[in-house]
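> Fold the stuff below for me.
(chains A and B)
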2 protein chains.
Amino acid sequence: MESELKEMLIDLDTLKRSLPDSSLLASIDMMQSRVEHLTDLAKCAPARRSKVKDMSAEVVDSNPYSRLMALQRMGIVKNYERIREFSVAIVGIGGVGSVAAEMLTRCGIGRLLLYDYDKVELANMNRLFFRPEQVGMTKTDAAVQTLSDINPDVVLEAMYGCSCDPYSSLVKDHQMDDSYTLNITTLQGFETFTSSLKNKTFCPSKEGSGVDLVLSCVDNYEARMVVNQACNEMNQTWMESGVSEDAVSGHIQLLVPGETACFACAPPLVVASGVDERTLKREGVCAASLPTTMGVVAGLLVQNTLKYVLKFGQVSPYLGYNALKDYFPTMEMKPNPQCSNTACLDRQKEYILAKPARDAAAAKAKKDEVLVPECPVHDDNEWNISVVDDSEPITADASSSDTLPEGLVRELPTADEFQKPCDPQEMIDSVDDLDELRKQLEALNAD
Amino acid sequence: MESELKEMLIDLDTLKRSLPDSSLLASIDMMQSRVEHLTDLAKCAPARRSKVKDMSAEVVDSNPYSRLMALQRMGIVKNYERIREFSVAIVGIGGVGSVAAEMLTRCGIGRLLLYDYDKVELANMNRLFFRPEQVGMTKTDAAVQTLSDINPDVVLEAMYGCSCDPYSSLVKDHQMDDSYTLNITTLQGFETFTSSLKNKTFCPSKEGSGVDLVLSCVDNYEARMVVNQACNEMNQTWMESGVSEDAVSGHIQLLVPGETACFACAPPLVVASGVDERTLKREGVCAASLPTTMGVVAGLLVQNTLKYVLKFGQVSPYLGYNALKDYFPTMEMKPNPQCSNTACLDRQKEYILAKPARDAAAAKAKKDEVLVPECPVHDDNEWNISVVDDSEPITADASSSDTLPEGLVRELPTADEFQKPCDPQEMIDSVDDLDELRKQLEALNAD
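Numbering: from 1, shown residues only, chains lettered A, B, ... in the order given. Here you go, the predicted structure:
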């Protein structure tokens, strides 16, 4: 804009000198002062920070990474700069996904893939991230706009659908047409989604898919099942997140195909206090939401993402958040050998078959650790105290439903529970005679 | 800017018609197309949303409060719109305070008082909220700029010091001079701070001070002691928050003068894994920080603020966050009858003296509740199940230090522990004879 205005000034000057008489000079002078004023206004427009080649640990106010690189000196993370090698996909750029994207961007993640098919509305302003002036933009466009200003070092890929080449429409800096939004629950959307996850241009040497982790930040069951299907098929580790319709509870969950329960292995868990989702989706009725609950869930999700990719602390298999009581239930879930998802069953078989190789690798790692001992947290351990994990993981089938930790309930019954054969003795016990049973059946039919 | 450009177009048109010959028409046409292009660019500049008179529960995309008003329909909050009556003061607009301010702004809080004396630096970009283009602005100015764009309904008062009338410099929309920043740990800063808390212009009928809650989001012990002093003197309920120097733990705490421990009652608690603060403040060494930990702490802090002012759920007396293990210790602390803060002792006396009145009010409230029963969560309670809180609050003195919940440690020893008289028998038991004691003393002196 400033260069355009500068050229305007030159044009006006040329015009002034070409004028045959001086009667119009005053009007041109006025236009010149107008352009000068506009130049001043344009200078107030934000200037972007330039890209940084290497992450520096130097403690100066101008270093955007000093407080992150300090995690190395504090002994929390071994090699923070490795974060630039990682790709994370975020499905759903709403109240949780947008904040997760901002946190990862500020942490200097290598590459972010963003998926959404929705537009920014004023009704989203009760959650963090989007600003009123972005109303009407697609959420992916608005996110790319904000995130690229915050940290130009992060490679941002916003995914839209309906294109033969999914990479033809990446990182656009203009407002998108409706037809470019991506709904992963459509057949074509699903294909665009999985092919974008497989693209390894960013880090060709990476094993597996082109991303290190998929974060599901969607707001409905169907989209979660689609992410689950894609990740089971691709053997892709992912994390699920959710916030209840009454805005006062949420959860995050780690899903490793074959190793942990997949999203289809068991009915989804909710932190108690949730309201039945089906009663809320009526026309004219909207779910409640709070920037606090969504900010906490996004923070816990990205904290676990950092722990997972940078290998520090313990990644939570499941962590709930009950905002009314500040209660955080946690648990583990093993996969369901009767899971309805065939890709999950394939991953489970592979996981069992790979057990000897896994055990050998673990034994070798342990041996190497003994040979090259790491610096222990405590220099001496006179009493040989060691931490033992005595928590029992839960197998993700219906029989284990009564072993859920306090404060957690299942959102839906399992298919198994519907199909469970009735115990004839129990039936006899509960119904006094056949006449009574007949009466009950008649009453049911009359409803 | 757009109006200026429109007038430019008119000027150019007038000039065109005044020209004696057509030789200069082409150059004016070119200028006109330039101005048209500039107009397009200027249209991309942000437009602010207009103020809203009443909070509407209407479910339309253009309603910024629909998802918050839904909390009423869900039975979470009785009267959400009351949030517009409340004033919250946030001391310290850093990694936690700025996010807390944004959350409260998006929730539509009535009035926010913001205090900070620092400027935005690129080194702050690893936490949420501030943007690179705000580098060099005071944090309060930058916060007011961002927050007033997000929600113009919130009354924002950014506090700077060094002014006789603390209200002469409120809500400035230009960049501030250095001399206008507020450091509450100075004598004049403290006076400005307390007088701003006492101002009741926003809600003259309010009992007590002019604010409903003070949130401490500062990063050092001295500033926390200043907030503690001001709140003890004013009998002002406040919440404390903090994040460890290694970025992987944090806490929030509710402080009700006379009723709970004040900040001087006991050495501050930290979630284990914290690093000794004194070793970190050396020159050229900076503390680590993460947007995740700070976002979680801000979310928990504002969630408890909402629960406190809107009277729903349970406000946590103390809640810790250990990010490495996703562990959240909680506890209660009674005031220390030997607290070194005299204002705290005054509040403790008042609290004890007011016990009969408090008991009578509680009995009356219980009686009223029986007369007008509220809708229970469960319609029937066949087995008369009720929730009993069996947690024992801890008295905030040194003797209770071994009753801290798992994962919590005290940051410093109490003064009492330093002054504890030695048990002579213990001394004799531990030292075999006087010669041995002399040798030990000599060894100590030789160091």
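
> Only C-alpha atoms from now on, for both contacts and neighbour counts.
Fine.

> What parts of the stretch 251-400 of chain A come near chain B?
Contacts of the stretch 251-400 of chain A with chain B, taken as CA under 8 Å from any CA of the partner chain, map to A:284-293, A:295-300, A:302-303, A:307, A:312-316, A:319, A:323-328.

> So residue A:98 is in contact with residue A:144, correct?
No: Residue A:98 lies out of contact with residue A:144 (CA atoms under 8 Å); the separation is 10.2 Å.

> Show me which of these two is the more surrounded one.
Taking other CA atoms under 10 Å in any protein chain shown, residue A:98 and residue A:144 do not tie; residue A:98 has more neighbours (28 against 22).

> Show me the helices in chain A, by range?
A:2-18, A:25-43, A:66-73, A:97-106, A:139-150, A:187-198, A:221-234, A:291-310, A:342-353, A:355-371, A:415-419, A:424-430, A:434-446 (DSSP state H).

> And those: which comes nearest residue B:234?
helix A:291-310 (28.5 Å; CA to CA).

> Using PDB, write down the CA coordinates of that closest one.
C-alpha atoms of helix A:291-310 as PDB (Å, rounded to 0.1, in the frame of the first residue of the first chain):
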ATOM      1  CA  PRO A 291     -13.600 -19.900  26.500                       C
ATOM      2  CA  THR A 292     -12.300 -21.300  29.800                       C
ATOM      3  CA  THR A 293     -13.300 -25.000  29.300                       C
ATOM      4  CA  MET A 294     -12.200 -24.900  25.700                       C
ATOM      5  CA  GLY A 295      -8.900 -23.100  26.600                       C
ATOM      6  CA  VAL A 296      -8.200 -25.700  29.300                       C
ATOM      7  CA  VAL A 297      -8.900 -28.600  26.900                       C
ATOM      8  CA  ALA A 298      -6.800 -27.100  24.200                       C
ATOM      9  CA  GLY A 299      -4.000 -26.500  26.700                       C
ATOM     10  CA  LEU A 300      -4.100 -30.100  28.000                       C
ATOM     11  CA  LEU A 301      -4.200 -31.400  24.400                       C
ATOM     12  CA  VAL A 302      -1.200 -29.400  23.100                       C
ATOM     13  CA  GLN A 303       0.700 -30.100  26.400                       C
ATOM     14  CA  ASN A 304       0.300 -33.800  25.700                       C
ATOM     15  CA  THR A 305       1.200 -33.200  22.000                       C
ATOM     16  CA  LEU A 306       4.500 -31.600  23.100                       C
ATOM     17  CA  LYS A 307       5.200 -34.400  25.600                       C
ATOM     18  CA  TYR A 308       4.500 -37.000  22.800                       C
ATOM     19  CA  VAL A 309       6.600 -35.500  20.000                       C
ATOM     20  CA  LEU A 310       9.400 -34.100  22.200                       C
END
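
> Give me the packing partners of it, helices and strands only.
helix A:97-106, strand A:238-243, strand A:249-255, helix B:97-106, helix B:291-310 (3 or more CA pairs under 8 Å, 6 or more residues apart in numbering or on different chains; DSSP states H and E).

> and if we set it to 6 Å?
helix B:291-310 (3 or more CA pairs under 6 Å, 6 or more residues apart in numbering or on different chains; DSSP states H and E).

> which residues sit against the helix it packs on?
The contact list for helix B:291-310 (CA atoms under 6 Å, 6 or more residues apart in numbering or on different chains) reads A:103, A:292, A:295-296, A:299, A:303, B:95-96, B:100, B:127-128, B:313, B:315.

> Could you list the low-pLDDT ranges of chain A?
Under the criterion pLDDT under 70, the flagged ranges of chain A are A:1, A:42-47, A:160-181, A:269-285, A:370-403, A:410-447.

> Pick out the residue closest to the middle of chain A.
residue A:215 (3.2 Å; CA atoms, centre = their mean).

> Return the residues in contact with it.
Counted by CA under 6 Å, 6+ apart, residue A:215 has contacts A:90, A:238, A:239.

> Report the beta-bridge partner residues of it.
Under DSSP bridges, the beta-bridge partners of residue A:215 are residue A:90, residue A:239.

> Tell me the one of the contacts of residue A:215 nearest residue B:133?
residue A:90 (26.0 Å).

> where's that closest one relative to residue B:109, distance?
31 Å (CA to CA, to the nearest Å).

> From the residues of the stretch 251-400 of chain A next to chain B, list the buried ones, please.
Buried residues within those, counting neighbours by 16 or more other CA atoms under 10 Å in any protein chain shown: A:285-293, A:295-300, A:302-303, A:307, A:313, A:315-316, A:319, A:323-324, A:326-328.

> and the stretch 1-150 of chain A, which residues reach chain B?
A:46-47, A:59, A:61-64, A:67-68, A:70-71, A:103, A:106-107, A:121-123, A:125-126, A:131, A:133, A:150 (CA under 6 Å from any CA of the partner chain).

> Kindly write the PyMOL command that selects the buried subset of those.
In PyMOL, this line selects whichever of the residues of the stretch 1-150 of chain A next to chain B come out buried by 16+ other CA under 10 Å:
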select buried, chain A and resi 59+63+64+67+68+70+71+103+106+107+121+122+123+125+126+131+133+150
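
> what's around residue A:27, how many residues?
For residue A:27, the neighbour count with other CA under 10 Å is 14.

> Contacts only, for residue A:343.
A:232, A:233.

> and it, how far is that from residue A:332?
Counting by CA to CA - residue A:343 and residue A:332 are separated by 21 Å.

> again with residue A:226
Taking CA to CA, one finds residue A:226 at 22 Å from residue A:332.

> Give the bridge partners for residue A:114, please.
residue A:90, residue A:158.

> For it, give its distance to residue A:129.
In terms of CA to CA, residue A:114 sits 14 Å off from residue A:129.

> just residue A:362 next, same as before
Taking CA to CA, one finds residue A:362 at 42 Å from residue A:129.

> okay, those two: which has more neighbours?
residue A:129 (27 against 12).

> do you know which of the helices of chain A lies nearest residue B:37?
helix A:2-18 (9.1 Å).

> That closest one: how far from the chain's middle?
50 Å (CA atoms, centre = their mean, to the nearest Å).

> same thing with stretch A:95-115?
Distance, centroid of stretch A:95-115 to centroid of chain: 8 Å (CA atoms, centre = their mean).

> So what touches that stretch?
Residues contacting stretch A:95-115 (CA under 6 Å, 6+ apart): A:83-92, A:127, A:154-159, A:217, A:294, A:298, A:302, B:126, B:291.

> And for stretch A:56-66?
With contacts defined as CA under 6 Å, 6+ apart, stretch A:56-66 is touched by A:69, B:121, B:122, B:123, B:125, B:284.

> any chance of those residues in JSON lines, plus distance to residue B:210?
As requested, the contacts of stretch A:56-66 are exported to JSON lines (distance: CA to CA, whole Å):
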{"residue": "A:69", "distance to residue B:210": "42"}
{"residue": "B:121", "distance to residue B:210": "32"}
{"residue": "B:122", "distance to residue B:210": "35"}
{"residue": "B:123", "distance to residue B:210": "35"}
{"residue": "B:125", "distance to residue B:210": "33"}
{"residue": "B:284", "distance to residue B:210": "41"}
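
> so which of those comes closest to residue B:196?
Taking the contacts of stretch A:56-66 together and measuring to residue B:196 by CA to CA, the closest member is residue B:121, at 27.0 Å.

> Run a quick neighbour tally on the residue nearest to that closest one when sequence neighbours are not counted.
Nearest-residue entry for residue B:121: residue B:135, 5.0 Å, with adjacent residues in sequence omitted and distances by CA to CA, 6 or more residues apart in numbering or on different chains. The burial count assigned to residue B:135 is 20, neighbours taken as other CA under 10 Å.
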